[in-house]
Structures are given as structure tokens and as C-alpha cells.
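Undergrad: give the three-dimensional model of this entry:
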Amino acid sequence: MANIDTSLKELLGIDGAMGCCIVDYTSGMSLGSSGAGVDLELAAAGNSQVVKAKMETMKSLGIKGGIDDILITLDSQLHVIRPTSKHEGLFIYLVLDKAKANLALARRKVMSVEGNLTV
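TA: Numbers count the residues shown, from 1 in each chain. Just a heads-up that it's a prediction; the model follows:
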């Protein structure tokens with residue numbers, strides 16, 4: 001089991017990682033962040049709205065189950081949002097440099113970090 005600081009260090013160790021945070025999407029507040037490249041506090045608040053909107057849409061459509069992850073691709077960055085299964089109301093947010101990252105490996109690492117996260 002890994003605490004927030006250890007989890008953030010593991011996330012920043014991913015090839016191409018620029019920044020990351022653990023977010024409480026019910027409040028939009030970051031529980032911890034590390035790295036640079038984007039304003040992680042602002043991103044935490046904004047992406048909380050993304051997660052809430054997707055969950056509401058799934059509910060409206062009658063889609064059962066949870067979100068594995070949400071991927072946002074930009075010109076030069078990849079943004080991975082992964083709601084945690086063991087800690088309801090939290091998600092992991094990772095920003096990657098698109099030119100340096102391997103998305104498949106990054107998603108697997110985020111899944112591993114999420115499985116070991118303790119809050």
C-alpha cells in the first residue's frame with residue numbers, strides 16, 4: 001500500500017510525465033500534487049467537473065458500472081483521469097508529454113498506483 005506522496009512519486013516516474021495529482025472530485029480539491037506543465041490546482045477543479053458530468057450522463061443513459069479512465073488528447077499532451085475504485089470520490093490525474101509518453105504503459109502504471117493507493 002502506498003500513501004499519496006509515494007503514489008505521486010511513482011506517477012512522476014512514468015516516461016513523459018509532467019504533472020499529477022490525487023483529487024477529491026466532490027469538492028474539486030487536490031489532496032496532493034507534483035510536477036509542472038499545467039496549473040494542477042485549476043486542473044483538479046476543472047477535471048472534477050468532467051468526472052461528475054460523465055457520471056451523470058452514464059446515470060441518465062442507464063449505463064451500469066464505473067469509469068475505468070478518461071483520456072483527453074491535446075496537440076502536445078495526454079491527460080489521464082482515473083477514478084479510484086477503493087476510495088469513492090477520488091481520482092488520479094496525470095499529464096503526459098505526448099511526444100515522450102507511451103500511453104499503454106502509462107495507463108497500466110496509473111492502474112497499478114490506483115490499486116495500491118491508501119488515503
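
Undergrad: residue ranges with poor pLDDT in the protein?
TA: Along the chain, segments meeting pLDDT under 70 span 1.

Undergrad: all helices of it, in order?
TA: 4-12, 40-61, 103-116 (DSSP state H).

Undergrad: what comes up buried for the longest one?
TA: Burial within helix 40-61, assessed by neighbour count using 16 or more other C-beta atoms under 10 Å, is assigned to Leu40, Ala43, Ala44, Ala45, Asn47, Ser48, Val50, Val51. Heads up, the C-betas are built off the backbone N, CA and C, glycines and all.

Undergrad: of all the helices of the chain, which one is nearest Val80?
TA: Proximity to Val80 (C-beta to C-beta) singles out helix 103-116 among the helices of the chain, at 5.7 Å.

Undergrad: buried ones in the closest one?
TA: Neighbour counts over helix 103-116 (16+ other C-beta under 10 Å) mark Ala106, Arg107, Lys109, Val110, Val113, Glu114 as buried.

Undergrad: how near is the first one to Asp69?
TA: Read that as Ala106. Ala106 is 10 Å from Asp69, where distance means C-beta to C-beta, to the nearest Å.

Undergrad: equivalent analysis for the fifth one, please.
TA: Val113 sits at a distance of 12 Å from Asp69 (criterion: C-beta to C-beta).

Undergrad: what is in contact with Ala106 and Asp69 at once?
TA: Val80 (C-beta atoms under 8 Å, 6 or more residues apart in numbering).

Undergrad: the closest residue to Pro83 other than its chain neighbours: what's it in contact with?
TA: Nearest residue to Pro83 in three dimensions, chain neighbours excluded: Phe91, at 4.5 Å (C-beta to C-beta, 6 or more residues apart in numbering). Contact analysis of Phe91 by C-beta under 8 Å, 6+ apart lists Ile22, Val23, Tyr25, Asn47, Ser48, Val51, Ile81, Arg82, Pro83, Thr84.

Undergrad: and for Glu114?
TA: So Glu114 contacts Arg82, Thr84, Ser85, Lys86, Ile92 (C-beta under 8 Å, 6+ apart).
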